[in-house]
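K.L.:
okay, here's the prediction I keep looking at, along with the sequence it came from:
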Amino acid sequence: MLRALLAGDGLSVVHQPIVHLLNGEVFGYEVLGRAPGLARLAPDEGGALGPSELLDLSVAQGLLMQLDHAWRRLAVEYVARHHANDSTVFFLNVDTRIAEDPGFAPGFTRALLDLHRLPPARFVLELTERDTQLAEARVERLLPHYTEQGFRIALDDVGAGYASLTALVRLRPQLLKLDKSIVTGLASDPVRQNLVRALADFGQRSGMHVIAEGVEEVADLVAVLRAGVTLAQGWLLGRPAPRATPLTFEVRDLIQRSARELRSRRFHTMRTREIGALAGDHPSIAPSLTGEDLESQFRSEPQSTGFPVVDEHRRVLGLVMRNRFQEQTSGRYGYALRAGRPCSDMMDRAPLKVDAQTPLDTVSRLATSRSTLAMYDHVIVERDGYYQGVVTVRALLEAATELEIQHASYASPLTGLPGNVVIEQRITQQLDAAEPHAAYVYADIDNFKAYNDVYGFAAGDEVIRLVATILSEVFSGAAFGEPFVGHVGGDDFVVVASAGDVDRACVEVGRQFDERIRQHYAPADLDRGGIVTTDRRGQVAEFPICALSMAVVSPADLSIRDVREVGRVAAELKHRAKVEARDRQGSGFVRERRFATPYAVPG
């Protein structure tokens with residue numbers, strides 16, 4: 001039966017989209033093998049044998065390599081016919097058991113691509129492991145075989161296969177695909193949510209893209225997003241089809257709405273996380289309360305470690321902490337001397353007091369900058385000058401840690417820099433502060449798509465990380481106030497600076513990029529001054545060495561008070577910078593100050 005399938009036209013391939021969950025764009029397509037001829041050749045078995053069972057049967061009959069190669073040949077031929085002139089990425093499955101086949105030899109897939117003039121950078125080889133611990137050894141054997149040829153590697157069935165966590169660390173594939181058994185029903189299983197969140201965090205910190213397979217319900221889509229996974233596939237997003245078709249409007253709308261709603265909730269939480277939300281209904285004491293009464297109150301409330309001292313108008317006068325009260329009343333005469341005195345004589349008259357609307361991160365910095373003696377004292381919260389409650393240091397640190405985790409969940413998995421939600425928050429805070437010397441730098445890479453097409457996604461990722469490193473190094477230190485560098489996505493970055501010579505910093509960023517980008521090109525391309533590849537219209541064109549175009553926006557000069565207006569002006573400037581890039585060599589920047597002229601990095 002199998003030989004008849006391989007000899008005839010009984011095999012085919014279908015394509016299922018892998019989708020960016022933050023914008024609804026297609027990341028790539030997984031090519032899945034099918035055997036429609038089974039129904040003709042074996043009507044009784046055709047409905048029972050799926051692709052996995054057919055692969056198992058091929059192993060038993062010694063035909064795995066022939067079946068694997070046949071499906072791969074069909075996949076590559078489809079790409080050559082329908083997608084030769086675009087940059088669509090395709091995932092090809094490779095059963096790791098092929099490494100045990102006596103006829104296995106390196107170079108089949110690369111030779112197939114060379115025949116059709118397709119670059120390996122457009123293909124991800126998805127290694128699957130279906131049996132015992134031998135799978136891990138086979139993956140280790142295959143991985144260098146394919147990466148040396150320029151392919152990216154995805155490890156399939158993570159969480160359900162046989163690859164251990166130590167194997168993930170040792171193998172270091174570029175992509176991890178979470179098994180359907182983990183993703184299906186994720187919304188109703190907190191334990192699995194924790195697992196997916198941990199794997200997403202591992203991938204982000206390790207520079208590996210994480211893909212959730214088997215997304216079939218809207219609730220699971222939202223759960224995957226909340227866990228920090230930004231790539232997914234499944235029947236909800238697109239069913240396998242003979243052609244690699246775009247997403248439907250309904251699916252794109254669903255993904256974009258889900259992402260917007262999640263961003264809105266997170267952004268609202270982060271923007272409105274004020275210290276007042278943590279202030280508990282904590283009892284206070286009057287300034288006339290005696291030391292004896294205070295000692296009784298501490299005994300009757302063993303969980304209380306301190307009391308704010310508040311007058312009859314609810315004005316805060318001070319704070320008495322249990323540990324310091326005990327120090328004052330200890331010793332031979334300590335208690336006798338203070339038992340009859342008012343607690344106002346024993347209180348700290350300058351405790352940390354903050355308004356209820358003070359941002360959580362600000363209070364955290366104030367609390368941890370106190371003297372060692374007062375480090376663990378309560379933070380007193382007031383509203384409009386009147387006592388509202390207290391926040392313990394433990395509660396403050398727990399909330400601050402949760403906030404950091406929220407920030408991290410929106411960080412770029414490639415660069416680790418804050419993403420869109422945090423960028424918008426930071427710009428809004430800066431606009432609200434109306435700092436006269438604030439400036440925003442928007443940067444992206446010229447000719448990056450062409451570079452990515454020729455050198456591949458792995459090399460493109462290295463260039464993006466290079467930009468992140470240079471921006472973070474140049475815009476650092478107190479000279480720029482509290483500088484902030486964010487990664488919008490792709491090759492787009494934002495810098496927020498409240499002070500400093502931003503123009504000079506942009507010149508330095510451009511100089512460093514122009515110098516260091518040369519390490520990412522082949523000598524022949526450097527000699528030529530660029531690369532030759534097809535453009536968006538499918539025409540052969542020459543593209544210069546990558547450079548940075550930067551747009552500098554000064555809100556104070558333009559009376560800008562809204563984050564959307566900052567984005568609009570920056571978009572106009574970036575377009576201008578791109579146009580001017582055609583007439584300049586290397587990186588450059590333009591500034592929107594009505595009296596300013598464009599600058600360029602000196603050659």
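P.N.:
Great, that's in hand.
K.L.:
G203: neighbour count?
P.N.:
Using other CB atoms under 10 Å, G203 has 24 neighbouring residues. Quick note: C-beta positions are derived from backbone N, CA and C, even for glycine.
K.L.:
mind checking how far it is from E462?
P.N.:
Noted for G203: a distance of 17 Å to E462, by CB to CB, to the nearest Å.
K.L.:
what of L403?
P.N.:
Distance of L403 to E462, computed by CB to CB: 31 Å.
K.L.:
cool, and G33?
P.N.:
33 Å.
K.L.:
give me the more crowded residue out of these two.
P.N.:
Ranked by neighbour count (other CB under 10 Å), G33 and E462 place G33 first, with 22 against 15.
K.L.:
next, H145: secondary structure please.
P.N.:
Judged by DSSP: H, G, I helix; E, B strand; the rest coil, the three-state class of H145 is helix.
K.L.:
gap between it and W235?
P.N.:
33 Å.
K.L.:
quick one: the strands in the stretch 401-550 of the chain?
P.N.:
Taking DSSP state E, counting those that start in this stretch, the strands of the stretch 401-550 of the chain run over residues 439-446, 484-489, 492-497, 530-534, 540-544, 547-553.
K.L.:
can you list the neighbours in contact with the first one?
P.N.:
Taking CB atoms under 8 Å, 6 or more residues apart in numbering as the criterion, the residues outside strand 439-446 that touch it are 427, 430, 451, 463-464, 467, 471, 475, 490-497, 502, 505-506, 509, 544, 546-555, 566, 570, 573-574, 578, 581, 589.
K.L.:
what subset of those is buried?
P.N.:
427, 430, 451, 463-464, 467, 471, 475, 491-497, 502, 505-506, 509, 544, 546-555, 566, 570, 573-574, 581, 589 (16 or more other CB atoms under 10 Å).
K.L.:
report how many residues lie close to F202.
P.N.:
With other CB under 10 Å as criterion, F202 counts 15.
K.L.:
can you tell me how far it is from D503?
P.N.:
Counting by CB to CB - F202 and D503 are separated by 40 Å.
K.L.:
so where is the stretch 201-350 of the chain shaky, pLDDT-wise?
P.N.:
Within the stretch 201-350 of the chain, the set of residues satisfying pLDDT under 70 comprises 260-272.
K.L.:
quick one: the helices in it?
P.N.:
Under the criterion DSSP state H, counting those that start in this stretch, the stretch 201-350 of the chain contains helices at 218-226, 249-272, 291-300, 322-329, 334-338.
K.L.:
which other helices and strands contact the helix or strand that the last one is followed by?
P.N.:
Read that as helix 334-338. For helix 334-338, the following helix or strand on the C-terminal side (DSSP states H and E) is strand 353-355. Counting contacts by 3 or more CB pairs under 8 Å, 6 or more residues apart in numbering; DSSP states H and E, strand 353-355 packs against helix 360-368, strand 379-383.
K.L.:
got the buried residues for strand 353-355?
P.N.:
Residues of strand 353-355 classed as buried: K353, V354 (neighbour count, 16+ other CB under 10 Å).
K.L.:
pairing partners for that strand, with directions?
P.N.:
With DSSP bridges as the test, strand 353-355 is paired with strand 379-383 (parallel).
K.L.:
what angle separates the strand it pairs with from helix 360-368?
P.N.:
Counting by axes from the mean of the first three to the mean of the last three CA atoms, to 10 degrees, strand 379-383 points 140 degrees away from the direction of helix 360-368.
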